[in-house]
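Q: next comes the sequence, and after it the predicted model I'd like to discuss.
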Amino acid sequence: MDGAGPLSGLLVVGVEQAVAAPFATRQLADLGARVVKVERPGGGDFARGYDRAVHGALSSHFVWLNRGKESVALDLKDDGDRAVLDALLARADVVVQNLAPPAARRLGVSAAQLLARFPRLVACDVSGYGADGPYAERKAYDLLIQCEAGLVSVTGTPEEPVKAGISVADIAAGMYAFSGVLAALRQRDRTGEGQAIEVSMLEALGEWMGYPYHWSLGGSEPPRAGASHSTIAPYGPVTTAGGEVVNLGLQNEREWAAFCAVVLERPGLADDPRFAGNAARVAHRAELDALIAEVLGALDLATVQARLDAAGIAWARQRTMREFAAHPQLAARDRWREVATEAGPVRALVPPVTAPWPAPMGAVPAVGEHTAAVREWLGM
């Protein structure tokens, strides 16, 4: 390998904002593609203003999503700036955009419009609900898609539904856009023809909702169980004497018997009719959880860990983000790198696919940082 990444030599243009499309193009940048991000002059991508969590200056969303890109500030309603975009599009291999469908069509940057102009282009539209249908022109934000896809209905406690703590609808759409672009590039290699593809957040998250959807075919809605498993017990959190939270995961009757004998030191509990079989344990979950809490709540973390390991029971610490950042497994595997930003370096995880090529993990750009250089490269 030449060290440049498998997508080296490809030019990607991102007419993008917020999360979904930038997440897709960042994956392409991490594989070596040159990604030119088109932003509004002045404020740029509005995700830059979500917070100031990074070094007290930069948005956590933006830093996460936009490393390794070049930022070009263009007013797409200005003829001169539009000429710059058109020159970029003429050289591009891939365009990913997530403007609202009507706005994309008005600006002539929808996938179908771009493919008509540039027959070898791979053009990808990312939207909330898709380019047509009764919801096509609705505004779509991550929380709203989580609601429409039913995710909120199955997440939370029995008393209160909640949203996922990350932008899961945006991430789902971004990952399907990424994989769709790779497939379209492969198809172009085979046929010589460009491709127009589309990903909607609703349909992407809907794919991830396959388990609760198929559950609902039985005539009932999947129950919410907080941090526990809705259909398996014991499976979920328990607090040790030191206040640490350990999550248990038992899958079968052999593990249940070992858990009773080794972890709880109550082997007879395995034959208690209330807990004989997973269905019975789920039905008596409150009693079971109280018994487990009584035993493990009196033990320190080291003892709980030792007993669980001796019994062959799967378990995990419930970590904060700071604890995750110091995770010994990630440190042992050397999974952190520094990424440059205008406010100073930040630690970032290496992309999760371990491969022979290195991930460039380039700097996070300032608004319009590369406008002059790109104009010069285009001869403008």
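A: Structure's in. What do you need?
Q: next, the nearest residue to Leu264 once chain neighbours are set aside: secondary structure please.
A: In space, and not counting its chain neighbours, Leu264 is closest to Val295: 5.0 Å by CB to CB, 6 or more residues apart in numbering. C-betas here are computed from N, CA, C, even on glycine. Applying DSSP: H, G, I helix; E, B strand; the rest coil to Val295 yields a three-state assignment of helix.
Q: which residue of the chain lies farthest from its centroid?
A: For the chain, the C-alpha farthest from the mean C-alpha position belongs to Gly268; by CA atoms, centre = their mean, that distance is 44.0 Å.
Q: ok, it - contacts?
A: Neighbouring residues of Gly268 by CB atoms under 8 Å, 6 or more residues apart in numbering: Cys260.
Q: in what helix or strand does the most centrally placed residue in the chain lie?
A: Geometric centre of the chain, nearest residue: Ile171, 3.6 Å, by CA atoms, centre = their mean. In the assignment (DSSP states H and E), Ile171 maps to helix 168-191.
Q: all strands of the stretch 1-150 of the chain, in order?
A: Under the criterion DSSP state E, counting those that start in this stretch, the stretch 1-150 of the chain contains strands at 11-15, 34-39, 69-73, 94-97, 122-127.
Q: tell me which of those sits nearest to Ala373.
A: For Ala373, the closest of the strands of the stretch 1-150 of the chain is strand 69-73, at 7.6 Å, according to CB to CB.
Q: strand partners (parallel or antiparallel) of the closest one?
A: strand 34-39 (parallel) (DSSP bridges).
Q: about what we covered before: pLDDT score for the residue farthest from the centre of the chain?
A: For Gly268, the pLDDT comes out at 93.
Q: give the contact list for Val367.
A: Glu39, Pro41, Gly42, Gly43, Gly44, Arg48, Ser71, Ala73.
Q: any idea how far Ala257 is from it?
A: 61 Å (CB to CB, to the nearest Å).
Q: only alpha carbons, please: show the helix or strand that comes right after the helix holding Ile171 as CSV.
A: On the C-terminal side of helix 168-191, the closest following helix or strand by DSSP H and E is strand 195-200. In CSV, the C-alpha atoms belonging to strand 195-200 read as follows (Å, rounded to 0.1, in the frame of the first residue of the first chain):
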residue,chain,number,x,y,z
GLN,A,195,-25.2,6.7,-10.3
ALA,A,196,-27.8,8.7,-8.5
ILE,A,197,-28.7,7.3,-5.1
GLU,A,198,-30.9,8.5,-2.2
VAL,A,199,-31.0,7.8,1.5
SER,A,200,-33.7,9.0,3.9
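Q: between helix 168-191 and strand 195-200, find me the angle.
A: Between strand 195-200 and helix 168-191, the angle comes out at 170 degrees (axes from the mean of the first three to the mean of the last three CA atoms, to 10 degrees).
Q: what is strand 195-200 packed up against?
A: helix 111-117, strand 122-127, helix 168-191 (3 or more CB pairs under 8 Å, 6 or more residues apart in numbering; DSSP states H and E).
Q: now do the buried residues in the first one.
A: Residues Ala111, Gln113, Leu114, Leu115 are the ones in helix 111-117 that count as buried (16 or more other CB atoms under 10 Å).
Q: now do the buried residues in stretch 150-169.
A: Buried, per 16+ other CB under 10 Å, within stretch 150-169: Gly150, Leu151, Val152, Ser153, Val154, Thr155, Lys163, Ala164, Ser167, Val168, Ala169.
Q: do you know how far the last one is from Glu16?
A: Here the distance between Ala169 and Glu16 works out to 16 Å (CB to CB).
Q: could you do the third one as well?
A: Distance from Val152 to Glu16, counting by CB to CB: 26 Å.
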